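# Sharing a model prediction with you, sequence too.
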Amino acid sequence: ETRLADVRIVGTKRVNPDYVRAQLEHSAPGAVVTAETIAEDTERVYALGDFAGVEYELSGPVDARVLAIAPTEKSWGPNFFRFDLGLAAYEGGDMFAILRLDHDRTWMNSRGAQWHNALQLGRQSLLLSDFYQPLDVRQRFFVQPILSSQEEIEDIYLDRDRVARYELRERYGQVDLGVNFGTTTQLRLGMRNGWHEASIDTGVPSLPELERTEDTSYQVRAFFDTRDSVALPTHGAFLTSRYVDSDDALGGEFDYSLVEGFYSQAFGVRGGNSLTIDVGAADTLSGTLPVTELFTLGGIRTFPGLRPGELRGSSYWTMAARYAWRLTDGAPLSGQALYAGVRAQVGEMRKRFDGLEPEVLYGLSGTIGGRTPVGPFLFSLGYVDGGEWRAQFTLGRPVAEGSLFDEVQ
């Protein structure tokens, strides 16, 4: 054990050293530390994502030791670019593709402001720009203005038969106020103003369409993530939830409110295997949702065996249990293990868009997943009662399926 006389942050140029210091839970002047507690602090600093590496050094006399923590900032910053390709294929010949470019400009001021831009083309097109501005050095409180333009093509099903294809469009501006509780939890309150539009591309002309209509709403969101891994977590939990209140008194033309949540809990099993329990639910609390805001179930991550958007309505619940086996270590597949899994799921879509009575559906699927040079892949063979076995495959960036399940990845 070592008692520290001082702690210094050295070598940073863009990153505020006071922000780095705020991440240290054990290392402070007067504190007694060990090699293990110092390592925990340096790992926490590295996890911020701003550094290529973090080293430390102890110096000075035994009774007045000085700890110097020396993070190495990423040499390719402060502008970071990421290019992603996403493919999703479904039995029957359906294939969705997206191309995406993300840009991040980090540490634009001493409090860690970050400007993010995204351009996505394909089945789901997106143009997004947001500016994350912390209000204090610890980055506990923040404000974030957002501009977004989205267009997507979605299939409409009647009793599992595709009958039409919609073009959905959305434009909005939003300002969020938020608070971070450490690195695991975040709460946001936002005001959004924009418009929705939906038109029939092909199929049954009697389906409802939506002319360009203004929508103003409050948005409350909460996130919690303590998983040790995204692809194959062996412990930790993940929670994402939202509450939306759109009121014509706010200046929009809609009047509805909704709530949606998703929770996942992972348990480690001997041999590096894992068991994951998932629970998701949503409901319309008041009013009628516009067609662009309806909830959906279906897709390789949301409900294997169903195609994306196969179930669409104003309320749903679902539960799933997945057991996954680690088949190989990370080295053969660029740092991530190959894994296989089996998943049992049950769910129900209520107030269905196709007008049918709600039906509890049971599903079973098997998966194989891993990582390739162009990103993760996932192959699934799923069955839903009353249907048939359906093969589904994704490669690269996950293609959104239209629910909070998208945020799991």
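Arrived safely. Numbers count the residues shown, from 1 in each chain.
# Please make it C-alpha for all contacts and neighbour counts, starting now.
Noted.
# Do a quick rundown of the helices in the stretch 1-150 of the chain.
Remark: helices assigned in the stretch 1-150 of the chain by DSSP state H, counting those that start in this stretch are 17-22, 35-46.
# How many neighbouring residues does D176 have?
If you count neighbours by other CA atoms under 10 Å, D176 ends up with 20.
# same question, the one 5 residues further on
F181 is flanked by 12 other residues according to other CA under 10 Å.
# Contact partners for it?
The neighbourhood of F181, defined by CA atoms under 8 Å, 6 or more residues apart in numbering, consists of R140.
# now do 6 Å
For F181, the contact set (CA atoms under 6 Å, 6 or more residues apart in numbering) is empty.
# does it have beta-bridge partners, and which?
Beta-bridge partners recorded for F181 (DSSP bridges): T185.
# mind showing which ranges of the stretch 151-300 of the chain have poor pLDDT?
Scanning the stretch 151-300 of the chain for pLDDT under 70 picks out the ranges 206.
# Can I get the helices of the stretch 1-150 of the chain in CSV including distance to G93 and mean neighbour count?
Below are the helices of the stretch 1-150 of the chain laid out as CSV (distance: least, CA to CA, whole Å; neighbours: other CA atoms under 10 Å):
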stretch, distance to G93, mean neighbour count
helix 17-22, 51, 17
helix 35-46, 44, 17
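# any chance of those in TSV, plus distance to H196 and mean pLDDT?
Output for the helices of the stretch 1-150 of the chain, formatted as TSV (distance: least, CA to CA, whole Å; pLDDT from 0 to 100):
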stretch	distance to H196	mean pLDDT
helix 17-22	40	93
helix 35-46	41	93
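# In JSON lines: those, plus distance to G313.
Shown next, in JSON lines, are these (distance: least, CA to CA, whole Å):
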{"stretch": "helix 17-22", "distance to G313": "45"}
{"stretch": "helix 35-46", "distance to G313": "42"}
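# Under a three-state scheme, what state does the residue nearest to the spatial centre of the chain occupy?
For the chain, E407 is the residue whose C-alpha lies nearest the centre (CA atoms, centre = their mean; 2.6 Å). Recorded secondary structure, E407: helix (DSSP: H, G, I helix; E, B strand; the rest coil).
# list the buried ones in stretch 360-380?
Within stretch 360-380, the residues scored as buried using 16 or more other CA atoms under 10 Å are 362-371, 375-380.
# Ok, stretch 6-13 next?
Going by neighbour count (16+ other CA under 10 Å), the buried part of stretch 6-13 is 7-9.
# Tell me the one of those residues nearest R221?
Nearest to R221 out of these is I9 (CA to CA; 34.3 Å).
# before we move on, the earlier item: now, which of the buried residues of stretch 6-13 lie within strands?
If you go by DSSP state E, those have 7-9 in strands.
# got JSON lines for those residues, with pLDDT too?
JSON lines is the format used below for those (pLDDT from 0 to 100):
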{"residue": "V7", "pLDDT": "95"}
{"residue": "R8", "pLDDT": "95"}
{"residue": "I9", "pLDDT": "95"}
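# Leaving out chain neighbours, which residue sits closest to the residue nearest to the centre of the chain?
Of all residues not flanking E407 in the chain, T240 sits nearest, at 7.7 Å (CA to CA, 6 or more residues apart in numbering).
# what about that neighbour, neighbour count?
Neighbours of T240 under the rule other CA under 10 Å: 21.
# Isn't it up against F223?
Yes - taking CA atoms under 6 Å as the definition, T240 is a contact partner of F223 at 4.6 Å.
# how many neighbours does T318 have?
T318: 21 neighbours (other CA under 10 Å).
# Check it and give its pLDDT.
Listed pLDDT for T318 reads 96.
# Report the spatially nearest residue to it, omitting neighbours in sequence.
Nearest residue to T318, sequence neighbours excluded (CA to CA, 6+ apart): G347, at 3.9 Å.
# Need the phi and psi values for that neighbour.
Torsion angles at G347 (phi, psi; degrees, to the nearest 10) stand at phi -170, psi 170.
# Does it touch A320 like I think?
No - G347 lies out of contact with A320 (CA under 6 Å); the separation is 8.5 Å.
# picking that back up, quick one: the residue nearest to the centre of the chain from G178, how far?
From E407 across to G178, the span is 18 Å (CA to CA, to the nearest Å).
# follow-up on the earlier one: ok, the residue nearest to T318 - contacts?
G347 makes contacts with 317-318, 360-361, as judged by CA under 6 Å, 6+ apart.
# what's the burial count for E388?
E388: 11 surrounding residues under other CA under 10 Å.
# for R397, same thing?
Count around R397 with other CA under 10 Å applied: 21.
# Surely S217 is in contact with A249?
No - checked against CA under 6 Å, the pair S217 and A249 is beyond contact range at 9.9 Å.
# The helix or strand containing R371 pairs with which strands?
R371 is part of strand 360-372, with elements assigned from DSSP states H and E. With DSSP bridges as the test, strand 360-372 is paired with strand 339-352 (antiparallel), strand 375-384 (antiparallel).
# show me where the stretch 51-200 of the chain has strands.
Taking DSSP state E, counting those that start in this stretch, the strands of the stretch 51-200 of the chain run over residues 51-59, 65-73, 79-90, 94-105, 114-122, 124-134, 141-158, 161-181, 185-203.
# Okay, now stretch 11-18: how far is its last residue from its first?
End-to-end distance of stretch 11-18: 13 Å, with CA to CA as the criterion.
# contacting residues around that stretch?
By CA under 6 Å, 6+ apart, the surrounding residues in contact with stretch 11-18 are 9, 70, 110.
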